[in-house]
Structures are given as structure tokens and as C-alpha cells.
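Enquirer: Fold the stuff below for me.
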Amino acid sequence: ALVSRHADQVICTSAQCEADVTRWFADMGRVPPITTALLGIDVPEVDPDFLVPKAPYFVCVGTIEPRKNHALLFDIWDDWGPDAPPLIVCGKRGWNNDAVFARLDAGIPQIVEMNDLSDGQIGALLQNATAMLFPSYSEGFGLPPAEALALGCRVLCADLPVYGKILGNHAVYASHLDRYLWEKTIKNLATAVSGDQTSQYDPPTWAAHFKAVLTAV
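Expert: I've put the predicted structure just below:
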């Protein structure tokens, strides 16, 4: 409400973010000027000394909180059993997610929680992974899948509108409500030939971000 009332300019990080805040501002009586400028993607420098598993393996990056939807992946790996490839879960434990934490503590076959890695170590995991999995059902931008694509890692993510402008046709999409489709796609990726992305991903830059912002103000 304070932003709606007083802001001279609002900077949104995606078209979806702009649509969301515009709806809120409209309810509050004033929509201030808005500029959408995608965040720049700083591609992590890969730690060359970090030992990664033998492929195939999958990586999930992000704080372990409800909207990141780790439970979907855990259900798939639970059913898959000990023959599943490793799923490495990278991210700190967040909030309001006791059921998911309990599952991690009890252990799920082939799921490894690694929550203290450096950016370079996560970069090494992504660069060599079969794919990054990102089933989040709510995002304002989604840095991890963009960083993964920039490192040459395939990405399977939820079909959120926010990814249209950011990831385009470089990612594979599946509804977070369709567990069967996620399971089928993950198993197909596990047996696919690595390094077969159709085109190079060109991530958004900070130069473009600040050009848009400074032009607006």
C-alpha cells in the first residue's frame, strides 16, 4: 500500500511480476509507473576440483520451502526405489515444511541433501548433471533454472508463465499438477544422450537490466 501511494517508479523483475503487482496496485487505488527489467544472470564459475557423481544424476536447487514443491520429486523417487539415479537436493531448509523435512531425515532411496555447497560446487554439479528439476508452483523470476541453462544443463521445470520470456523454448515444461508427466519426462531424460540441447541459451544481462531501468527514470 505504501508503494502504491508513494512510489515514483517500480522495477519488476519479470512480466509476470509486473502483472501481479499491477493487480494489487489497482485494488489499492493507484498504479505507479512500472518498468520491467529482467535480472542479470551471473553464471557461476565452476569449481574444477569438486567431484561430481557419475551420470545419470539430477539436481534440484532452491530453498526447501513449500512453494518449491520438493514433495513432487520425493514422491517420484519413492516409487522409483533404489534403481533410481541420484537426486541431489541443494538448498537450505526453509519454513513451514515439516513433512518434507521429516521425509529427508527418514531417508529416501537415492536422494542426497547437500545444503552447504558453494556456488562453484553447485555449478560443477549442474554442468555435469543429466538435468535440473524445478517443480516450483510459484516464482517471480526463477534464477536457478536460468543459471543451469547458462551452464549447459538441461532443465525440466513447471509450466509457469514467468518462464516464457526468461527461458523460452530452451527448457522442458510440465505442469506441477501432472505427476505422471514429470515421472515420464524424468525417466526419458535419464536415458537420453547428454549434451543434445538444440541451441545455446543466451541469459539476460545486468547491462540490459540497467539500460531498461535508467531509460525509464
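
Enquirer: buried sites along the helix or strand of the chain with the lowest mean pLDDT?
Expert: Using mean pLDDT, DSSP states H and E, helix 163-166 stands out as the lowest-scoring helix or strand of the chain, at a mean of 86. Using 16 or more other Cβ atoms under 10 Å as the test for burial, helix 163-166 gives 163, 166. For every residue, glycine as well, the C-beta is placed using N, CA and C.

Enquirer: Off-centre distance for it?
Expert: For helix 163-166, the separation from the chain centroid amounts to 12 Å (computed by Cα atoms, centre = their mean, to the nearest Å).

Enquirer: what lines up beside the helix or strand that it is followed by in the sheet?
Expert: Later in the chain than helix 163-166, the nearest helix or strand by DSSP states H and E is strand 172-174. The strands beside strand 172-174 in its sheet (DSSP bridges) come out as strand 155-158 (parallel).

Enquirer: Now do the partner strand, average pLDDT.
Expert: The average pLDDT within strand 155-158 is 96.

Enquirer: any residues touching stretch 90-100, and which ones?
Expert: The contact list for stretch 90-100 (Cβ atoms under 8 Å, 6 or more residues apart in numbering) reads 59-66, 68, 70-71, 74, 101, 114-115, 117, 122, 125.

Enquirer: Only the buried subset of those residues, as a ChimeraX command please.
Expert: What follows is the ChimeraX syntax for the buried subset of the contacts of stretch 90-100, where burial is set by 16+ other Cβ under 10 Å:
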select :59,60,61,62,64,65,66,68,70,74,117,122,125
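
Enquirer: which residues in this protein form helices?
Expert: 2-6, 15-28, 70-80, 98-106, 119-128, 143-150, 163-166, 179-191, 206-216 (DSSP state H).
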